[in-house]
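J.: here is the input, now give the coordinates:
(one chain, ligands or ions: 1)
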Amino acid sequence: MPRIELHIHFEGSVRPDTLTAIARRNRLPVPDVATDFRDLHHFIDLWNVTTACLRTPDDFRRIVVDYAGEAKQHGAVYVEGIFTPDPALADEIGLDAMMAGYCDGAAEAEETHGVIVRLTPEQYRGSDPGFGMRVAQAAVRFRDRGVVGFGLAGREGRFPDEPYEPAMRYAADHGLGLVPHAGEAAGPESVRSSLRMGASRIRHGITAVGDPELLTEMAERRIVLDVCPTSNIRLGYATECDHPITRLVGAGVLCSVSTDDPAMFGIDLSHEYALAAQLGVTEDAAFEAGLAGALCDEKTRSRLEGM
Ligand SMILES: [Zn+2]
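T.: Next up, the predicted model:
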């Protein structure tokens, strides 16, 4: 059964050996990625240390190609990958150089591994909203090279969404899908806020389970959630025996299955599918949700449908 993965941060997919090689090449200290995370905020702090090793367009190209190769081994035919440009590095090497590195990686991934890769860069809560707008503008410039969406990540509930909405609007007005993170650390209201913003899909969205009216709306509108079971468990939002995905699919909400940050959680896509199966999500249901949520063009969607 082919698999579609919609929620994977390339920066969080870099296996320790590759990260070590990249850090050495960039003459940086090698970070320790085997760490226990206390909560989302702690996780983000550690994530920042790890991602600081990635410094050149070629680093970005490499991590996309590497992950596509890995995902292929787990049956992935389509990957929608996330990256979060760092403002200081963007000042140094330019946003377009960063985008180009990721886009080169997406093209090479398809040639080398036959995995279709599309890109959804994002801004993050707590960063300068003006920088977020620049990222949105750069994302739009790379629309014809594989960028299909624009997102919002970071510390939910600690920063309001409003300052980041102009960049989201700009991206949507220029044809990109909106894929904000919500409903992970914050409650159902954060999912509602994302839907008001015009979200095409919600990254996580699991806390929507506490709001029956919202569940009905999402099921009716076929709003897809990108659910990452281990990520939710490791960050303390669910347990292996009691994960909201069971109730979400029970309520008719489309849930795709993804790894989020496979290297940082020490997992892979097959692991997440096995866990999702235990929680009541079949391969067919995950594929249907993936197909419904993918932001690719219709020609690509038809190709996926035929797989
Ligand atoms: Zn994520």
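
J.: give me the neighbour count for the nearest residue to residue 192 once chain neighbours are set aside.
T.: Using Cβ to Cβ, 6 or more residues apart in numbering and skipping the chain neighbours, the partner closest in space to residue 192 is residue 214 (6.4 Å). For the C-beta atoms, the positions are set from N, CA and C on the backbone; glycine is no exception. Residue 214 sits with 22 neighbouring residues when counted by other Cβ atoms under 10 Å.

J.: change the start of the numbering to 53 and stick with it
T.: With 53 as the first residue, the last one maps to residue 266.

J.: contacting residues for residue 266?
T.: Counting by Cβ atoms under 8 Å, 6 or more residues apart in numbering, residue 266 makes contact with 240, 243-244, 260.

J.: over to residue 270?
T.: Going by Cβ under 8 Å, 6+ apart, residue 270 touches 243, 257, 260, 277, 305.

J.: host element of the spatially closest residue to residue 123 that is not a sequence neighbour?
T.: Nearest residue to residue 123, sequence neighbours excluded (Cβ to Cβ, 6+ apart): residue 131, at 5.4 Å. Using DSSP states H and E, residue 131 falls within strand 128-135.

J.: same thing with residue 143?
T.: Assigned by DSSP H and E, residue 143 falls in helix 139-145.

J.: could you check that helix and say which residues are buried?
T.: 139, 141-142 (16 or more other Cβ atoms under 10 Å).

J.: the stretch 53-202 of the chain: strands as residue ranges?
T.: All strands of the stretch 53-202 of the chain, identified by DSSP state E, counting those that start in this stretch, fall at 55-61, 128-135, 168-177, 201-206.

J.: circling back: out of the contacts of residue 270, which sit inside strands?
T.: residue 277 (DSSP state E).

J.: next, format the contacts of residue 270 as a markdown table and append distance to residue 61.
T.: Below are those laid out as a markdown table (distance: Cβ to Cβ, whole Å):
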| residue | distance to residue 61 |
| --- | --- |
| 243 | 20 |
| 257 | 16 |
| 260 | 21 |
| 277 | 17 |
| 305 | 23 |
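
J.: how about the helices in the stretch 153-302 of the chain?
T.: Along the stretch 153-302 of the chain, the stretches classed as helices by DSSP state H, counting those that start in this stretch are 181-193, 217-225, 240-248, 264-272, 281-286, 296-302.

J.: closest one to residue 313 among those helices?
T.: Of all these, it is helix 281-286 that lies closest to residue 313, at 6.7 Å by Cβ to Cβ.

J.: residues in contact with the closest one?
T.: Residues from elsewhere that reach helix 281-286 (Cβ under 8 Å, 6+ apart): 89, 236, 256, 258, 290-292, 295-297, 309, 311-313, 317, 319, 323-324, 327-328, 331.

J.: quick one, which of those residues are buried?
T.: 89, 236, 256, 258, 290, 295-297, 309, 311-313, 317, 319, 323-324, 327-328, 331.

J.: of all the contacts of residue 266, which comes closest to residue 160?
T.: Of all those, residue 160 sits closest to residue 243, with 35.3 Å by Cβ to Cβ.
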